[in-house]
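1. Sequence first, then the predicted structure, then my questions.
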Amino acid sequence: MTANARQVLDAALRLSVPERELMAEKLVESLLDPEIEQSHLQAVQERRADYQAGRSALIDGAEAMKQVRSAIRR
């Protein structure tokens, strides 16, 4: 990390929690690729439509992880 980046980080860490949250959000946004974001949004919208139409069901996170682990072990 450059000295300049370290100074920015040190200053950021002195901010309030809400200010740090906003800064982190803005930094993450600066890393996102708009095309990837659009494809993620489209996938979420399709999944939501499938759920609303009764073509899929929701499962909780723990069950999802159990299924993923089981599939990996096969």
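-> Yep, that arrived. Numbers count the residues shown, from 1 in each chain.
2. Could you count how many residues lie near the nearest residue to Arg47 once chain neighbours are set aside?
-> Excluding the flanking residues, the one nearest Arg47 by C-beta to C-beta, 6 or more residues apart in numbering is Ser56, at 6.9 Å. Using the backbone N, CA and C atoms, a C-beta is placed for each residue, glycine as well. The number of residues packed near Ser56 is 13, by other C-beta atoms under 10 Å.
3. helix or strand for Ser56, which one?
-> Assigned by DSSP states H and E, Ser56 falls within no helix or strand.
4. okay, it: pLDDT?
-> What the model reports as pLDDT for Ser56 is 93.
5. chain center to the helix or strand hosting Gln45, what's the gap?
-> Using DSSP H and E, Gln45 sits within helix 34-52. Centroid separation for helix 34-52 versus its chain: 14 Å, with C-alpha atoms, centre = their mean, to the nearest Å.
6. Tell me the first helix or strand C-terminal of it.
-> With DSSP H and E, the next secondary element past helix 34-52 is helix 61-73.
7. what's the neighbour count on Ala64?
-> Quick note: Ala64 (other C-beta under 10 Å) scores 11 neighbours.
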